[in-house]
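What follows is a predicted protein model with its sequence.
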Amino acid sequence: MDFAVAEAQISWLLISTVRLFMKKIRVLLVDDHAMVREGLRSLLDMQSDILVVGEAATGREAIEKSGTLKPGVVVLDVSLPDLEGRQVAREVRDIAPQARIVVLTAHEDEQSMVHLCQVGVSGYVLKHSPTLELIEAIRAAAAGRIHFDSNLAGKVITHQLADASGRIQGQDLSEREVEVLRLVAWGHSNKEIGASLGISVKTVETYKARIAEKQHLVNRTDMVRFALNHGWMKPSEPGTETGPTPPP
């Protein structure tokens with residue numbers, strides 16, 4: 001009897017271990033500098049929910065390994081020696097539809113950020129940001145959310161309506177709904193949106209529900225693509241106040 005109990009306990013532990021392994025976020029690191037990849041791997045290896053399944057030093061290698069390794073998240077440096085970053089992101093999405101792409105770059109070029117968002121990346125993180133920023137971006141991407149570097153929060157939100165009448169896909173959005181959708185699309189939290197617009201978090205959630213119902217949008221990713229498709233996500237002009245400023 002004791003042997004049977006012990007055997008059952010061992011089996012349960014094995015199953016739990018397998019399940020834990022399967023729940024890890026599978027990450028592919030793409031950067032042409034070996035030292036950067038080594039540092040990123042060391043950082044991510046310390047996270048219990050993240051598993052680095054491979055590395056790539058070129059765009060072509062990233063595309064190939066995305067197809068064979070089936071990562072859940074690809075951390076992509078867009079300054080690669082062989083292919084342009086948008087092309088790599090696009091081809092990775094084509095060959096590995098399950099993969100979410102988090103851009104890790106030293107460049108704060110807003111135009112490039114918008115172009116990459118149009119390809120469908122799920123995150124944009126600056127290399128000089130704290131390491132926690134990248135970890136949060138990876139986890140957000142794996143959960144189907146969008147994450148933009150907090151250092152960019154107050155710089156990249158100037159939008160234009162695709163239709164001067166304010167009518168989109170046959171449904172009217174109020175001025176406040178438009179404001180909320182813009183900020184949601186750029187990755188701001190409900191708390192940040194509420195603080196920026198002077199409304200409560202609960203009210204933000206109500207506006208988001210109305211927008212989702214009117215435009216048949218399921219999640220934040222849908223809202224980002226909707227805003228991009230209608231020309232709402234454009235880089236800010238100098239001196240333009242564009243959204244909530246991160247706290248000091």
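Structure's in. What do you need? Numbers count the residues shown, from 1 in each chain.

Helices along the chain, start to end?
Using DSSP state H, the helices found in the chain span residues 2-23, 34-45, 59-69, 85-95, 110-119, 131-142, 175-185, 190-197, 201-215, 220-229.

Any idea how far the second one is from the middle of the chain?
Just to be clear, that refers to helix 34-45. The chain centroid and the centroid of helix 34-45 are separated by 20 Å, computed with Cα atoms, centre = their mean, to the nearest Å.

Now do the residue nearest to G187 when sequence neighbours are not counted against H107, distance only.
Counting by Cβ to Cβ, 6 or more residues apart in numbering, G187 lies nearest to F148, which is 4.1 Å off, once chain neighbours are set aside. No exception for glycine: its C-beta is placed from N, CA and C like everyone else's. Separation of F148 from H107 (Cβ to Cβ, to the nearest Å): 14 Å.

Could you do V119 as well?
16 Å.

So which of these two has more stuff around it?
V119 (18 against 14; other Cβ atoms under 10 Å).

Touching, that one and R90? I think so.
Yes. Using Cβ atoms under 8 Å, V119 is in contact with R90, at 5.1 Å.

Next one: L217 from L197, what distance?
19 Å.

Same drill for the two, tell me which one is more crowded.
Between L217 and L197, counting by other Cβ under 10 Å, L217 is the more crowded of the two (19 against 16).

How many neighbouring residues does the residue nearest to I95 when sequence neighbours are not counted have?
Nearest residue to I95, sequence neighbours excluded (Cβ to Cβ, 6+ apart): G67, at 4.4 Å. Counted by other Cβ under 10 Å, the residues lying close to G67 total 15.

now do R93
18.

quick one, what contacts it?
R93 sits next to A99, I101, V119, G120 when contact means Cβ atoms under 8 Å, 6 or more residues apart in numbering.

can you do 6 Å?
By Cβ atoms under 6 Å, 6 or more residues apart in numbering, the contact set of R93 is G120.

Could you check the pLDDT of it?
R93 is assigned 89 on the pLDDT scale.

Contacts for stretch 196-212 next, please.
E177, V180, L181, N190, K191, I193, G194, P244.

can you rerun that using 8 Å?
Residues contacting stretch 196-212 (Cβ under 8 Å, 6+ apart): 173, 176-177, 179-181, 183-184, 188, 190-191, 193-194, 217-218, 222-223, 243-244.

Next: stretch 42-62.
Here stretch 42-62 has contacts from 21, 23-32, 34, 37, 40-41, 64-65, 69, 71, 74, 76, 80-85, 87-88, 92, 131, 134-135, 138-139, using Cβ under 8 Å, 6+ apart.

now with 6 Å?
Residues contacting stretch 42-62 (Cβ under 6 Å, 6+ apart): 24-30, 32, 37, 41, 65, 69, 71, 80, 82-83, 88, 131.

go on, stretch 81-92?
By Cβ under 6 Å, 6+ apart, stretch 81-92 touches 32, 58-60, 62-63, 66, 74, 78, 99, 101, 115, 119, 121.
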